[in-house]
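A.B. asks: Any chance you can model this:
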Amino acid sequence: MLKKIGIGVAALIALLLVVVSMQPATYRVERKVTIQAGSGAVYKHLDDLRAWAEWSPWDKIDPGMKRTFQGPQSGVGAIYEWSGNDEVGKGRMTITEVTEPTQVRIKLEFIEPFASVAQTEFALAESGAETVVTWSMAGDNDFMGKAFSLVMDMDAMIGADFEKGLATLKSTVEAGR
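C.D. replies: Model (predicted):
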């Protein structure tokens, strides 16, 4: 009897490992907003990591989180590190590429509660008096990421925060702040 239970448990574990290994190796989350302003007015809120406190959804979750900045005030090499409560965790952002006023790329490193690296991008497309801002994040799913994706969809988990952040960015820029 114990032998049959052991074989059954081993078979379930093997099946779970196969299912996990078949999950996507990468993920991508993307949201857009249209802002009634030129791309230059939007860009300055993205290129300067200190300006993120005004619109970032995570700053509202933990207003007491510790923030440090390194490197230049803005542009390539600007670094923002944070350490906060369990909801925001601990991490680091480094601006890796900019094309003023249409693009900001960031290396996003999560340290806690789980370690991972993602690439974040803001793409700005100006049309007349408005700018469409596309905020995206892409990364690789290691084995733990694949297992996590069985119970939580990254798009659902992060997408709502992107939407909140973009809505706040929109109101901030449109108010002329």
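A.B. asks: drop to CA atoms for contacts and neighbour counts, all remaining ones
C.D. replies: Noted.
A.B. asks: Can you pull up the most central residue in the protein?
C.D. replies: For the chain, residue 137 is the residue whose C-alpha lies nearest the centre (CA atoms, centre = their mean; 5.2 Å).
A.B. asks: so which helix or strand takes in it?
C.D. replies: strand 130-140 (DSSP states H and E).
A.B. asks: what stretches of the protein score poorly on pLDDT?
C.D. replies: 11, 14-22, 143, 146-147, 149-151 (pLDDT under 70).
A.B. asks: Show me the strands in it, by range?
C.D. replies: 26-35, 66-70, 79-83, 90-99, 103-112, 116-127, 130-140 (DSSP state E).
A.B. asks: What angle do strand 103-112 and the fourth one make with each other?
C.D. replies: Read that as strand 90-99. Here strand 90-99 runs at an angle of 170 degrees relative to strand 103-112 (axes from the mean of the first three to the mean of the last three CA atoms, to 10 degrees).
A.B. asks: Check which helices and strands strand 90-99 is in contact with.
C.D. replies: Secondary-structure packing of strand 90-99 (3 or more CA pairs under 8 Å, 6 or more residues apart in numbering; DSSP states H and E): strand 79-83, strand 103-112.
A.B. asks: With distance to residue 71 as extra columns, can I get those in TSV?
C.D. replies: Formatted as TSV, those follow (distance: least, CA to CA, whole Å):
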stretch	distance to residue 71
strand 79-83	6
strand 103-112	14
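A.B. asks: got these as a markdown table, with distance to residue 94 and mean neighbour count columns?
C.D. replies: Listed next are the helices and strands packed on strand 90-99 as a markdown table, based on distance: least, CA to CA, whole Å; neighbours: other CA atoms under 10 Å:
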| stretch | distance to residue 94 | mean neighbour count |
| --- | --- | --- |
| strand 79-83 | 5 | 19 |
| strand 103-112 | 5 | 20 |
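A.B. asks: quick one: which of the ones you listed is nearest residue 3?
C.D. replies: strand 103-112 (40.4 Å; CA to CA).
A.B. asks: angle of that closest one against strand 116-127?
C.D. replies: Using the same axes, to 10 degrees: strand 103-112 against strand 116-127 is 160 degrees.
A.B. asks: Report the separation between residue 104 and residue 142.
C.D. replies: Distance check for residue 104 against residue 142: by CA to CA, to the nearest Å, it reads 26 Å.
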